[in-house]
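1. any chance you could fold what I've pasted below:
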Amino acid sequence: VVHLCMVAPAPESSTPVPDCIQRVLDEFPDVFTEPTGLPPRRACDHMIPLIPGAQPVNIWPYRHKPEHKTEIETQVEELLRSGVIQQSTS
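-> Coordinates of the predicted model:
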């Protein structure tokens, strides 16, 4: 199960980030930046073994409230544009 969520930028009047957390953010900026593409391939890339000849499950998608559907579509478009996800026909 994949959950998509969007974190809105903090308003200017919000509580400042504690110093101990800000130090970690400053020390590891590459970890906390927005992704710009897919991660590099690794020796242990995830794989789902399939049974030869098995057919995919064919079910209707879940229904969502209109405001949730709009947010899901917005987030998926942003992820496609940034290269984090890609189109699939599977």
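2. state which helix of the protein is the longest.
-> helix 66-82 (DSSP state H).
3. now do that helix: distance to the chain's middle.
-> Mean C-alpha position of helix 66-82 versus that of the full chain (Cα atoms, centre = their mean, to the nearest Å) differs by 11 Å.
4. number the residues from 30 up from this point.
-> New numbering, starting at 30: the last item is helix 95-111.
5. show me where this structure has helices.
-> For the chain, applying DSSP H gives helices covering 48-56, 58-61, 95-111.
6. quick one: mean pLDDT for the second one?
-> If I follow you right, that is helix 58-61. Averaged across helix 58-61, the pLDDT comes to 88.
7. so how far is Thr118 from the residue lying farthest from the centre of the chain?
-> The centre of the chain is farthest from one residue, Gly82, which by Cα atoms, centre = their mean lies 30.9 Å away. From Gly82 over to Thr118 the distance is 19 Å, taken as Cβ to Cβ, to the nearest Å. Bear in mind the C-beta positions are built from the backbone N, C-alpha and C, glycine included.
8. Leu67 now?
-> Look at Leu67 and Thr118: by Cβ to Cβ, they are 18 Å apart.
9. now tell me which helix or strand of the chain has the poorest mean pLDDT.
-> Lowest on mean pLDDT, DSSP states H and E among the helices and strands of the chain sits helix 58-61, with a mean of 88.
10. alpha carbons of that one, in CSV - could you do that?
-> Provided in CSV are the C-alpha atoms of helix 58-61 (Å, rounded to 0.1, in the frame of the first residue of the first chain):
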residue,chain,number,x,y,z
PRO,A,58,20.9,18.9,3.1
ASP,A,59,21.1,16.2,0.3
VAL,A,60,18.9,13.9,2.4
PHE,A,61,16.2,16.5,3.0
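11. with Val46 as the reference, measure out to Arg52.
-> 10 Å.
12. quick one: average pLDDT of the longest helix of the chain?
-> 92.
13. just the CA coordinates of it, formatted as PDB?
-> Output in PDB follows, covering the C-alpha atoms of helix 95-111 (Å, rounded to 0.1, in the frame of the first residue of the first chain):
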ATOM      1  CA  PRO A  95     -13.800  14.600  -5.000                       C
ATOM      2  CA  GLU A  96     -11.300  16.700  -3.000                       C
ATOM      3  CA  HIS A  97      -9.100  13.600  -2.300                       C
ATOM      4  CA  LYS A  98      -9.200  12.600  -6.000                       C
ATOM      5  CA  THR A  99      -8.100  16.100  -7.000                       C
ATOM      6  CA  GLU A 100      -5.200  16.100  -4.500                       C
ATOM      7  CA  ILE A 101      -4.100  12.600  -5.700                       C
ATOM      8  CA  GLU A 102      -4.100  13.700  -9.300                       C
ATOM      9  CA  THR A 103      -2.200  16.800  -8.400                       C
ATOM     10  CA  GLN A 104       0.500  14.900  -6.500                       C
ATOM     11  CA  VAL A 105       0.800  12.200  -9.200                       C
ATOM     12  CA  GLU A 106       1.300  14.900 -11.900                       C
ATOM     13  CA  GLU A 107       4.000  16.500  -9.700                       C
ATOM     14  CA  LEU A 108       5.800  13.200  -9.200                       C
ATOM     15  CA  LEU A 109       5.600  12.400 -12.900                       C
ATOM     16  CA  ARG A 110       7.000  15.900 -13.800                       C
ATOM     17  CA  SER A 111       9.900  15.600 -11.300                       C
END
